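Novice: Please find the sequence and the predicted model below.
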Amino acid sequence: MSTSSPADPGTRFSRRDLLLAAAGGIGVLGAAGTGRAAEQAATAAPAGAPASAPPAAPTGPFTLPALPYADNALDPVISSTTLGFHHGKHHQAYVDNLNKAVMGTPFAAMPLEKIIAATYGVADKSGVYNNAAQHWNHSFYWRSLKARGGGEPGNALRLKIEASFGSVDACRKELLTAATTQFGSGWAWLAQDGAKLVVVKTGNADSPLNKGQKPLLAIDVWEHAYYLDYQNRRADYVGALIARLLDWNFAAENLGS
Ligand code: FE2
């Protein structure tokens, strides 16, 4: 088993990500690192933002990134209880299961995005795919949210949204519709598809990466993301998240040229 974290020279993270990672700031995915030390630096919690779970002992190449905010920072839209379970139990389980699944295989030395691409739709690799994709999706979801988010996107992103959807409100409505009509577990996304922006919904662990699209924002609509706070009222969770937590700056940083 490889004891080093996979490197990914083709990582999609922005210059801000890399600067923050170098400073030990907001966590990016393990795949963006160039070794366990780099990964640990990249996933360290920002000052004053305690992780919702104690760091687990290293058991493989992938580690749980620290939340980029305190576990009560998204209250009351997402409670600290939900965030603690979601990050510390559910996301941790995907990381643990991924480490077990790749142990002793060539996947252990591969960047996360390459694992996802190599196992998507491969029947006997579904265990690797599901846990790798869910690790990627959740790491991206945490960064799609922030305390006192929502509001209006910056000018460059607003112009792109208006060109694709007509208005920011229309984009928000498409996100809400995608998130509330996704049957069963899955995700709603704002993504870039060539020159235009699109809203897509995906089931289970799938993401726009599978279609060659570039994710900009993610909304988790698995029940574990909201059930403790909203029970069956998924629309209330999504509506509040879009209005009060979405980090449009993160979406703008993910925009490609
Ligand atoms: Fe989740």
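Specialist: Looks like it came in fine.
Novice: Quick check: residues of the stretch 101-250 of the chain near the ion?
Specialist: With Cβ under 5 Å from the ion as the criterion, the stretch 101-250 of the chain comes near the ion at residues Asp220, Trp222, Ala225. Every residue, glycine included, has its C-beta placed from N, CA and C.
Novice: By neighbours, which of the residues you listed wins?
Specialist: Of all those, Asp220 has the most neighbours under the rule other Cβ atoms under 10 Å, reaching 28 neighbours.
Novice: what are the phi and psi angles of Ile87?
Specialist: Actually, residue 87 is His. It isn't Ile. phi -80, psi -50 (degrees, to the nearest 10).
Novice: What number of residues are in the vicinity of it?
Specialist: 21.
Novice: picking up where we left off before, export the residues of the stretch 101-250 of the chain next to the ion to a markdown table and tack on pLDDT and secondary structure?
Specialist: Written out in a markdown table, the entries for those read as follows (pLDDT from 0 to 100; DSSP: H, G, I helix; E, B strand; the rest coil):
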| residue | pLDDT | secondary structure |
| --- | --- | --- |
| Asp220 | 98 | strand |
| Trp222 | 98 | coil |
| Ala225 | 98 | helix |
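Novice: Let's have those residues in TSV, adding distance to Ala178.
Specialist: Listed next are these as TSV, based on distance: Cβ to Cβ, whole Å:
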residue	distance to Ala178
Asp220	13
Trp222	14
Ala225	15
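Novice: In the helix or strand where Ala243 lies, which residues are buried?
Specialist: Under the assignment given by DSSP states H and E, the secondary-structure element containing Ala243 is helix 234-244. The neighbour-count check on helix 234-244 (16 or more other Cβ atoms under 10 Å) flags Arg234, Tyr237, Val238, Gly239, Ala240, Leu241, Ile242, Arg244 as buried.
Novice: which residues are contacting the following helix or strand past that helix?
Specialist: Proceeding N to C from helix 234-244, the next assigned helix or strand is helix 248-254, under DSSP H and E. Counting by Cβ atoms under 8 Å, 6 or more residues apart in numbering, the neighbours of helix 248-254 from elsewhere in the structure are 12, 14, 16-17, 143-144, 146, 149, 151-154, 156-157, 190, 192, 214-217.
Novice: Show me how this protein divides into domains.
Specialist: As assigned by automatic domain parsing, the chain contains the domains 15-144, 155-254.
Novice: What average pLDDT does the longest one get?
Specialist: Going back to what we said before, that points to domain 15-144. Taken as a whole, domain 15-144 has an average pLDDT of 77.
Novice: what are the ranges of the helices in the stretch 151-257 of the chain?
Specialist: Secondary structure of the stretch 151-257 of the chain by DSSP state H, counting those that start in this stretch: the helices cover 155-165, 168-181, 227-230, 234-244, 248-254.
Novice: Can you tell me which helices and strands the shortest one packs against?
Specialist: Using 3 or more Cβ pairs under 8 Å, 6 or more residues apart in numbering; DSSP states H and E, the elements in contact with helix 227-230 are helix 80-85, helix 234-244.
Novice: how about the shortest one against the ion, any contact?
Specialist: No. With Cβ under 5 Å from the ion as the criterion, the ion is not reached by helix 80-85; the gap is at least 9.8 Å.
Novice: Buried residues in that helix, which are they?
Specialist: Of the residues in helix 80-85, those scored as buried under the neighbour-count criterion (16+ other Cβ under 10 Å) are Thr82, Leu83, Gly84, Phe85.
Novice: I'd like the residues you listed laid out as JSON lines, including distance to Ala108.
Specialist: Compiled in JSON lines, the buried residues of helix 80-85 are given as follows (distance: Cβ to Cβ, whole Å):
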{"residue": "Thr82", "distance to Ala108": "32"}
{"residue": "Leu83", "distance to Ala108": "29"}
{"residue": "Gly84", "distance to Ala108": "29"}
{"residue": "Phe85", "distance to Ala108": "28"}
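Novice: re earlier: I'd like the helices of the stretch 151-257 of the chain written out as TSV, with mean pLDDT added.
Specialist: As requested, these are exported to TSV (pLDDT from 0 to 100):
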stretch	mean pLDDT
helix 155-165	97
helix 168-181	98
helix 227-230	97
helix 234-244	98
helix 248-254	98
